[in-house]
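Q: heads up, no residue letters with this:
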């Protein structure tokens, strides 16, 4: 291809040069033709011809300067010949010869090149012939190559098919061999299980157990395989045998450990939690824990998928918990008996110390359990509940038979709720879950007992409270020097607030609200009863200020409690029953009536009791009673100060004769004297009872308003009189009266 391409390039170049030479020759011929035509059409004189000759001569000389030697010779020869030129014909001939010589000299190189090209062209033709022959041979070789390629590809495809068949057969053989292992493994496993040298702690036991599980799973997944059911039964027998060995080993190890602990501690006497001897009950088991836990993990991991493993796991749990209960239960009973005798009179301390002792034991048992097992189980919770329940056998009789005071019950509830539940049970979660159930039961029993004793306390110490003379010695009691301000409170108020403060810390919201409503209602009733006695011993103002003082104390003391003090009271209204019974008696003649007017039917339909709901709000009751007490006091004080005006105005309204100047002057004089004499005492009593300037000012403001109103009404009567009478009466203006009320 390369040679052919070069030959084509050389041929193209030679062709181009040949065309150029032919073009130049055609142009020279055209010049000659034009000169001949010019000669025939134009005649030159002799002088013009001589000039042409001279020009040619000079031109030849000038060209000879740079021409080669061959050209110079040719020009000299042309000069020699020019001497013989006589006419134009001779000149043309001479010029033609010179032109041919020049053309010959110029074309010689191209002719030589053309000859060379011809030689090359011939050689190229021969080369092309050789190339054509070579291409023919190559075509033959290509055909032969394609034939060989097709044959080779067919052979390759056949080989690949054979290789694929070989791989498929190998995979099939491998698959058969892998699945056949599950059938052939039975003999080896059966031999090991029946061997007397087999050991559960041996290295081969756990892998053998895993292999049995795999074989059982395989047989279950492929029930269509031949004899799969037979081998499934065989492997299940092997599994039962292996699990029996495993269960026997674990159960015997736990029993042996418990027996060893009992043997070593048999001479230790009474054990107390925390003693070194008691710690051996745990150290003996802890030494066996890791070895047994490794086996239990194999059982626990498969218990959810296989019921045989689940049964073995439950048996191991049960054995462990039974042995631990047999060891620890006597120790707990001894400890509780010791604490009960030690704190026979201090019930709160007994409950706190016994609960803390059980909490430590439960934590230790929970930790020891997880040294043997990875999963928590209901059996563990049962163990911990059985250990914790020993305390309940002491607690229940104690709060029923020995603890009668509600204050002590409240302290017990506070210990269980705050010290035990919040500080330990809720903080430590799962390990104290079983103990938390017991503590919750104890707390609920205490709260139930507390509710009953609180109701009894309210009945005996608040509702049935019989005050002494000193309890009702108001206002003299307020002037005594008392180290404790609570001593000035009425006993039922003090007891009610103490009761509420204790209940708030140890009862739930609903129980507290119910008891608080009952307690506050009883307290308010006791205060109202006390006011009646104070009226007899002191005065009406003292009794009213006494009630206001203690209602303010109650409202202030119950404000921090984050409760609503509301109770929904549900009751049955038998009003309809009474009316229906009356109608039944009235309509005796319709008792045996067989229509819709039967009296018995009307009695049943109309006499059904109605369910009524009532919301009791203790805080609202306090506010209502306080408002009523303040209103009564304001009315009493205002009436005491302005009663002459009030009586006079009532007389004026009913009388037909107008009031006289003397009557009005006497009323004004008497009222101002009454204000001057009694108002300081009223303010002193308010300050003595309330001891709060702001409260006193709030309470006195409506009293002043009522007095100003009475004087205003009186002033309306006086305004109808003469100016001289008004001057004599000397009724104070509102400003004067306000100053008088403020500074008296």
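A: Now that the structure is in, tell me what you want to look at. Keep in mind that what you see is a predicted model, and the values were worked out from it rather than measured. Residues are numbered from 1 along each chain as shown.
Q: show me the contacts for residue 663.
A: Contacts here follow C-beta atoms under 8 Å, 6 or more residues apart in numbering; on that basis residue 663 touches residue 648. To be clear about C-beta, it is placed using only N, CA and C from the backbone, and glycine gets the same treatment.
Q: how about it, secondary structure?
A: With DSSP: H, G, I helix; E, B strand; the rest coil as the basis, residue 663 sits in helix.
Q: what number of residues lie near the nearest residue to residue 690 once chain neighbours are set aside?
A: Distance criterion C-beta to C-beta, 6 or more residues apart in numbering; nearest residue to residue 690, sequence neighbours excluded, is residue 696 at 5.4 Å. When counting by other C-beta atoms under 10 Å, one arrives at 15 neighbours for residue 696.
Q: go on, the one 4 residues further on?
A: The burial count assigned to residue 700 is 18, neighbours taken as other C-beta under 10 Å.
Q: That one: helix or strand, and which one exactly?
A: Using DSSP states H and E, residue 700 falls within helix 693-718.
Q: in that helix, what's buried?
A: Of the residues in helix 693-718, 695, 699-700, 702-704, 706-708, 710-711, 714-715, 717-718 count as buried by neighbour count, 16 or more other C-beta atoms under 10 Å.
Q: Give me the residue ranges of this protein where confidence is low.
A: Scanning the chain for pLDDT under 70 picks out 1-85, 265-277, 481-484, 566-615.
Q: Which strands or helices does the helix holding residue 700 pack on?
A: When contacts are defined as 3 or more C-beta pairs under 8 Å, 6 or more residues apart in numbering; DSSP states H and E, helix 693-718 sits against helix 618-654, helix 661-690, helix 723-729, helix 734-743.
Q: Counting neighbours, which bits of whatever helix or strand residue 211 lives in end up buried?
A: Residue 211 is part of helix 205-221 when elements are defined by DSSP H and E. Going by neighbour count (16+ other C-beta under 10 Å), the buried part of helix 205-221 is 205-206, 208-209, 211-213, 215-216, 218-219.
Q: Check stretch 285-303 too.
A: Counting neighbours by 16+ other C-beta under 10 Å, one finds that the buried residues in stretch 285-303 are 285, 288-289, 292, 295-296, 298-300, 302-303.
Q: for those, which one is nearest residue 170?
A: residue 302 (34.7 Å; C-beta to C-beta).
Q: Let me see the contact set for the closest residue in space to the closest one that isn't next to it in sequence.
A: Of all residues not flanking residue 302 in the chain, residue 309 sits nearest, at 4.3 Å (C-beta to C-beta, 6+ apart). By C-beta under 8 Å, 6+ apart, the contact set of residue 309 is 243, 299-300, 302-303.
Q: Which ones among these map onto helices?
A: Mapping those onto helices (DSSP state H) picks out 243, 299-300, 302.
Q: In TSV: those, plus distance to residue 620.
A: Formatted as TSV, the ones in helices among the contacts of residue 309 follow (distance: C-beta to C-beta, whole Å):
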residue	distance to residue 620
243	70
299	64
300	60
302	65
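Q: ok, so of those residues, who is nearest residue 342?
A: Using C-beta to C-beta, those come closest to residue 342 at residue 300, 42.6 Å.
Q: isn't the closest one right up against residue 376?
A: No. Using C-beta atoms under 8 Å, residue 300 is not in contact with residue 376; the gap is 10.8 Å.
Q: Would you confirm that residue 616 belongs to a strand?
A: Yes. Per three-state DSSP, residue 616 lies within a strand segment.
Q: Bridging across strands, which residues link to it?
A: Beta bridges link residue 616 to residue 567 when assigned by DSSP bridges.
Q: quick one: it from residue 715, how far?
A: Counting by C-beta to C-beta, to the nearest Å, the separation of residue 616 from residue 715 is 47 Å.
Q: And the helices in the stretch 151-300 of the chain, which stretches?
A: Along the stretch 151-300 of the chain, the stretches classed as helices by DSSP state H, counting those that start in this stretch are 205-221, 228-265, 276-302.
Q: sorry, back to before: now, among the buried residues of stretch 285-303, which is nearest to residue 503?
A: residue 285 (45.3 Å).
Q: so who does that closest one touch?
A: So residue 285 contacts 257-258, 261, 324, 368, 371-372 (C-beta under 8 Å, 6+ apart).
Q: Quick one: buried ones out of those?
A: Buried members of these, scored by 16+ other C-beta under 10 Å, are 257-258, 261, 324, 368, 372.
Q: Just the strands from this protein, written as ranges.
A: Using DSSP state E, the strands of the chain run over residues 566-573, 610-617.
Q: Can you give me the buried ones in stretch 239-249?
A: Buried, per 16+ other C-beta under 10 Å, within stretch 239-249: 239, 241-243, 245-247, 249.
Q: need those residues in JSON lines with distance to residue 120, can you?
A: Formatted as JSON lines, these follow (distance: C-beta to C-beta, whole Å):
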{"residue": "239", "distance to residue 120": "100"}
{"residue": "241", "distance to residue 120": "104"}
{"residue": "242", "distance to residue 120": "101"}
{"residue": "243", "distance to residue 120": "104"}
{"residue": "245", "distance to residue 120": "106"}
{"residue": "246", "distance to residue 120": "104"}
{"residue": "247", "distance to residue 120": "109"}
{"residue": "249", "distance to residue 120": "108"}
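Q: ok, these vs residue 436, which is closest?
A: Using C-beta to C-beta, the buried residues of stretch 239-249 come closest to residue 436 at residue 247, 32.2 Å.
Q: how close does the residue nearest to residue 690 get to residue 186?
A: 102 Å.
Q: which non-adjacent residue is nearest residue 425?
A: residue 436 (4.2 Å).
Q: Pretty sure residue 421 is one of the things the one you found touches, is it not?
A: Yes. Counting by C-beta under 8 Å, residue 421 is a contact partner of residue 436 at 7.3 Å.
Q: ok, these two, which is more surrounded?
A: With other C-beta under 10 Å as the criterion, residue 436 and residue 421 differ in neighbour count, and residue 436 comes out ahead with 23 against 18.
Q: list the contacts for the residue nearest to residue 690?
A: Applying C-beta under 8 Å, 6+ apart, the residues near residue 696 are 683, 686-687, 690.
Q: again, only this time at 10 Å
A: Residues counted as contacts of residue 696 (C-beta atoms under 10 Å, 6 or more residues apart in numbering) are 683, 686-687, 689-690.
Q: just the buried members of those?
A: With burial judged by 16+ other C-beta under 10 Å, the buried subset of the contacts of residue 696 is 683, 686, 689-690.
Q: nearest to residue 671, of these?
A: Taking C-beta to C-beta as the measure, residue 671 sits nearest to residue 683 out of the buried ones among the contacts of residue 696, at 17.3 Å.
Q: Please determine how far the closest one is located from residue 316.
A: 85 Å.
Q: circling back: of the contacts of residue 696, just say which sits nearest to residue 408.
A: residue 689 (34.5 Å).
Q: Next, the contact list for the closest residue to that closest one other than its chain neighbours, please.
A: Nearest in space to residue 689, with sequence neighbours left out and distances taken as C-beta to C-beta, 6+ apart, is residue 545 at 4.0 Å. Residues in contact with residue 545, defined by C-beta under 10 Å, 6+ apart, are 474-475, 478, 531, 534, 538-539, 629-630, 633, 636-637, 682, 685-686, 688-690, 699.
Q: Buried by neighbour count, from those residues: which ones?
A: Neighbour counting with 16+ other C-beta under 10 Å marks 474-475, 478, 531, 534, 538-539, 629-630, 633, 636-637, 682, 685-686, 689-690, 699 as buried within the contacts of residue 545.
Q: before we move on, back to that, determine which two of the buried residues of stretch 285-303 are furthest apart.
A: Going by C-beta to C-beta, the pair spanning the buried residues of stretch 285-303 furthest: 285 and 302, at 24.6 Å.
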